[in-house]
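Peer 1: The sequence and its predicted three-dimensional model are supplied below.
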Amino acid sequence: MKSAWVTSDAEAAVARYAHDGIARELALRVYTTRLLGANPKLVLHGGGNTSVKLRMSDLNGEEVDALCVKGSGWDMGTIEPAGLPAVRLEPLKKLRRRNTLSDEDMVRVQRANLIDPSAPNPSVETLLHAFLPHAFVDHTHSTAVLSLTDQADGEKLCEEVYGKRLGYVPYIMPGFALAKAAADAFERDHSVEGLILHKHGIFTFGADAREAYERMIEHVTLAEERLKRGRKTLVMAKLPGQIANSAEAAPIVRGACALKNEKIGGAWTRMILDFRTNDAIVNFVNGAELARYSQAGVVTPDHTIRTKNWPLIVPAPEADDLDAFKESVRAAVADFVGKYRTYFEANNARVGGIKKPLDPLPRLVLVPGLGLYGLGRSAKEAHVAADLAEAAIETITDAEAIGRYQALPDSELFDLEYWSLEQAKLSAAKPLPLAGQIVAVTGAGSGIGTATAKAFAALGAEVALLDVNEAAAQEKAKAIGGAAVFCDVTDVGSVNNAFAKVVDTFGGLDILVSNAGATPPQGKIGEVDEAAIQKSFELNFYGHQRAAQAAVKIMLAQGTGGCLLFNVSKQAVNPGPNFGPYGLPKAATLFLSRQYALDYGVAGIRSNAVNADRIRSGIVTDDFIRERAKARGVSEKDYMSGNLLQREVTADDVAQAFVSQALALKTTADVTTVDGGNIAAALR
């Protein structure tokens, strides 16, 4: 590992932050914290922490000794000075004289001594930083160091590599007890440059930011060099000759990893999937002893909060026998859930039965021959789980190369997974109504499609925006945190590729909003060119059929139901004059929606439609409004508000109708009218 310190960059950071009144020491602390955070071999997703001790003014203008330490919720890779809240140092140092201090009291004391009361909570390892005398303290979860410590003789290995340059601390959960133990380890030898925390990570110290940072780099490099010596490789298992691809396997895995709500018919707790594969991952999941080393426990206890203590292992998916794969995956998930519940009950009894169980679903799935999936209630959570899995694979592979990987016992991991401080965070978070669900919207680059994608994203769904105008879809997707996918619904190959990409991105599909459409040249139905009608049917009917067919295939593989939503337009019920080429395929699409309700209701797949009228969109342009107003002999304003309520209906109104249908778990074959009131278009 190489030092990323660049003196000119460090000085530029000092100058930049000086404009905001930030002291040089704190500016350099931010600079080196970002260097550490930018390296995934050191920290990931909020892991690790750093600190600096300095003199500063409190709100009364008095100079005090302060500890600026990484705050809760901040990531080291993007941290700013505000992410290092300042705490009065002397009151924290006095705590070392105490014998015990509960986690809750520790948090309260730290908050009580914040110089800025509005600052974020300081790190749970604040006291460890406070009890050490050094000006700069760095802490990471280096994958290389963990490969050394996560062995039966981990301390001996570290002593071989570091000698007396580092102190050693046995595993203790983060908090007051660990802070005291770390301070005691330093007191035994003031010459040490840092500390190894067994099965946890590494601390380094320094009189200045560069010294602490480069000591971290040096000691991690020593670990990497040791891992290169005397390596053995993993023995591979025998796998089927032809392995299914992820687009085929993911919906099966996702469906099996969903939890049915026994109280609400049609409701499921669903997960988003993040697929990863590369040579290192495939080598790991193809190992003959995968069931041993992957189930031993997490590489550092912090991971258990995001990934649970062990991953789910499923068989390799044979390309020509996905039914067998589906059956075996469901059996494996049932075993996993049973194992997790047994683990919870045993450990909860040990701590007095005071904990409430988390959901028992896996957060990582290992698929021999294919790769791994990170799972989460959002794409972000799934991404984090997958990142941590990749880091764990590196650690475990290196540990196995020089010895035999060994993690902490389940009891220690349970205590961190069900740590009161983490449980408090989880209980405070309330999932949005569509969290864990995946929505695909066709024609999402403008108008009703864009409004609908935005409405579903606001309720926590992961949204794929499909459009033939990929640039427009990308622009809209960026605004809502969705995924843009090119899709020409008039081309069956394009549709299939688009839905495969949705699966590759999120793992499956729960809701389709089939919205793409356009108006062909119009005229009296007895006079219009036949080619115009055929072209309209390709887009305005077959486009819906192709999208629905692709969506249903995914939903059936998942086995957790689903929802098809069609934009049928009022033309399906109340055709306008000279508008037959558009109205005819829309009428067919209304019946298409009902046919899907009839044929797939037994699989829990609902099918509904929205009958909207006069919505400004890609179809209802200013020119279109002028033409239709002229055809009806009214003004443009009267045309757009020509309904019983005399109100113009918007794309957002249609979007809310789609959302309502998606949330109505016991409604299918419905057509919802959104037009401000038009008796002629009302269904009879």
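Peer 2: Sure thing, it's come through. Remember, it's a predicted structure, so these values are computed and weren't measured experimentally. Numbers count the residues shown, from 1 in each chain.

Peer 1: only C-alpha atoms for contact and neighbour calcs from this point on.
Peer 2: Fine.

Peer 1: Could you give the bridge partners of residue 440?
Peer 2: residue 464, residue 512 (DSSP bridges).

Peer 1: Distance of it relative to residue 121?
Peer 2: 38 Å (C-alpha to C-alpha, to the nearest Å).

Peer 1: Same check on residue 518?
Peer 2: Taking C-alpha to C-alpha as the measure, residue 518 falls 53 Å from residue 121.

Peer 1: Have a look at those two and say which one is more surrounded.
Peer 2: residue 121 (22 against 15; other C-alpha atoms under 10 Å).

Peer 1: Low-confidence ranges, the stretch 351-500 of the chain, go.
Peer 2: The model of the stretch 351-500 of the chain has pLDDT under 70 over residues 425-428.

Peer 1: Okay, strands next: where are they in the stretch 51-200 of the chain?
Peer 2: In the stretch 51-200 of the chain, the segments counted as strands under DSSP state E, counting those that start in this stretch are 63-69, 86-88, 136-140, 166-169, 194-197.

Peer 1: Repeat that for the stretch 301-450 of the chain.
Peer 2: Taking DSSP E, counting those that start in this stretch, the strands of the stretch 301-450 of the chain run over residues 312-313, 364-367, 371-376, 438-442.

Peer 1: Show me what the first one is packed against.
Peer 2: Looking back up the chat, that one is strand 312-313. Contacts defined by 3 or more C-alpha pairs under 8 Å, 6 or more residues apart in numbering; DSSP states H and E place strand 312-313 against helix 322-350, strand 364-367.

Peer 1: Ok, which of those comes nearest residue 29?
Peer 2: strand 364-367 (34.6 Å; C-alpha to C-alpha).

Peer 1: ok, now which ones touch residue 173?
Peer 2: By C-alpha atoms under 8 Å, 6 or more residues apart in numbering, the residues touching residue 173 are 412, 416.

Peer 1: how about 6 Å then?
Peer 2: Listed by C-alpha atoms under 6 Å, 6 or more residues apart in numbering, residue 173 has no contact partners.

Peer 1: hey, which of the helices and strands packed on strand 312-313 is tucked in deepest?
Peer 2: With neighbours defined as mean count of other C-alpha atoms under 10 Å, those peak in mean count at strand 364-367, which reaches a mean of 25.

Peer 1: Parallel or antiparallel, list what pairs with it.
Peer 2: Its sheet considered, strand 364-367 pairs with strand 312-313 (parallel), strand 371-376 (antiparallel) by DSSP bridges.

Peer 1: So which of those strands is nearest residue 42?
Peer 2: Closest of the strands paired with strand 364-367 to residue 42 is strand 371-376, at 20.0 Å (criterion: C-alpha to C-alpha).

Peer 1: Residues touching that closest one, excluding its own?
Peer 2: Residues from elsewhere that reach strand 371-376 (C-alpha under 6 Å, 6+ apart): 271-277, 281-282, 363-366, 382, 385-386.

Peer 1: CA atoms only: put it into PDB for me.
Peer 2: What follows is strand 371-376, C-alpha atoms only, in PDB (Å, rounded to 0.1, in the frame of the first residue of the first chain):
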ATOM      1  CA  GLY A 371     -21.100 -14.800  -7.800                       C
ATOM      2  CA  LEU A 372     -22.800 -13.100  -4.900                       C
ATOM      3  CA  TYR A 373     -25.800 -11.000  -4.100                       C
ATOM      4  CA  GLY A 374     -26.000  -8.300  -1.500                       C
ATOM      5  CA  LEU A 375     -29.500  -7.800  -0.200                       C
ATOM      6  CA  GLY A 376     -31.200  -4.900   1.500                       C
END
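
Peer 1: From residue 326, how far off is residue 558?
Peer 2: Applying C-alpha to C-alpha, the value for residue 558 to residue 326 is 9 Å.

Peer 1: Give the residues shared as contacts by the two.
Peer 2: Common contact partners of residue 558 and residue 326 (C-alpha under 6 Å, 6+ apart): residue 252.

Peer 1: got the contact list for stretch 181-200?
Peer 2: Here stretch 181-200 has contacts from 131-132, 149-150, 165-171, 202-205, 300, using C-alpha under 6 Å, 6+ apart.

Peer 1: Please convert the buried members of these into ChimeraX selection syntax.
Peer 2: Restricted to buried positions by 16 or more other C-alpha atoms under 10 Å, the ChimeraX selection for the contacts of stretch 181-200 reads:
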select :131,132,149,150,166,167,168,169,171,202,203,204,205,300
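
Peer 1: Please flag which of the contacts of stretch 181-200 sit within helices.
Peer 2: In helices, judged by DSSP state H, the following of these are found: 131, 149.

Peer 1: farthest-separated two in the contacts of stretch 181-200?
Peer 2: Every pair of those checked by C-alpha to C-alpha; the farthest is 131 and 150, at 26.2 Å.

Peer 1: Low-confidence ranges, this protein, go.
Peer 2: Applying pLDDT under 70 to the chain picks out residues 425-428, 618, 684.

Peer 1: Surely residue 676 and residue 643 touch.
Peer 2: Yes: Residue 676 is within contact range of residue 643, at 5.3 Å (criterion: C-alpha atoms under 6 Å).

Peer 1: residues contacting residue 438?
Peer 2: Listed by C-alpha under 6 Å, 6+ apart, the contact set of residue 438 reads 461, 462, 463, 509, 510.

Peer 1: And the residue nearest the centre of the chain, how far from residue 439?
Peer 2: Centroid-nearest residue in the chain, with C-alpha atoms, centre = their mean: residue 380, separated by 1.8 Å. Residue 380 sits at a distance of 16 Å from residue 439 (criterion: C-alpha to C-alpha).

Peer 1: try residue 622
Peer 2: Residue 622 is 30 Å from residue 439, where distance means C-alpha to C-alpha.

Peer 1: Between these two, tell me which one has more neighbours.
Peer 2: Taking other C-alpha under 10 Å, residue 622 and residue 439 do not tie; residue 439 has more neighbours (26 against 12).

Peer 1: Look up how far residue 114 lies from that one.
Peer 2: Residue 439 is 44 Å from residue 114, by C-alpha to C-alpha.

Peer 1: Tell me who's in contact with residue 29.
Peer 2: residue 209.

Peer 1: Tell me what angle the one helix or strand it maps to forms with strand 63-69.
Peer 2: Using DSSP states H and E, residue 29 sits within helix 24-37. Helix 24-37 and strand 63-69 are oriented at 10 degrees to each other (axes from the mean of the first three to the mean of the last three C-alpha atoms, to 10 degrees).

Peer 1: Put the alpha carbons of helix 24-37 into PDB.
Peer 2: Extracted in PDB, the C-alpha atoms of helix 24-37 (Å, rounded to 0.1, in the frame of the first residue of the first chain):
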ATOM      1  CA  ARG A  24      -4.800  24.000  10.300                       C
ATOM      2  CA  GLU A  25      -4.800  20.900  12.500                       C
ATOM      3  CA  LEU A  26      -8.400  20.200  11.800                       C
ATOM      4  CA  ALA A  27      -8.000  20.900   8.100                       C
ATOM      5  CA  LEU A  28      -5.200  18.400   7.900                       C
ATOM      6  CA  ARG A  29      -7.300  15.900  10.000                       C
ATOM      7  CA  VAL A  30     -10.000  16.200   7.300                       C
ATOM      8  CA  TYR A  31      -7.400  15.800   4.500                       C
ATOM      9  CA  THR A  32      -5.900  12.500   5.900                       C
ATOM     10  CA  THR A  33      -9.200  11.200   7.000                       C
ATOM     11  CA  ARG A  34     -10.400  11.400   3.400                       C
ATOM     12  CA  LEU A  35      -7.200   9.700   2.200                       C
ATOM     13  CA  LEU A  36      -8.000   6.800   4.500                       C
ATOM     14  CA  GLY A  37     -11.700   6.800   3.500                       C
END
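
Peer 1: Now that helix: buried residues?
Peer 2: 24-37.

Peer 1: CSV for those, including distance to residue 574?
Peer 2: Supplementary listing: the buried residues of helix 24-37 in CSV, determined by distance: C-alpha to C-alpha, whole Å:
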residue, distance to residue 574
24, 72
25, 72
26, 69
27, 67
28, 69
29, 68
30, 64
31, 65
32, 67
33, 64
34, 62
35, 64
36, 64
37, 60
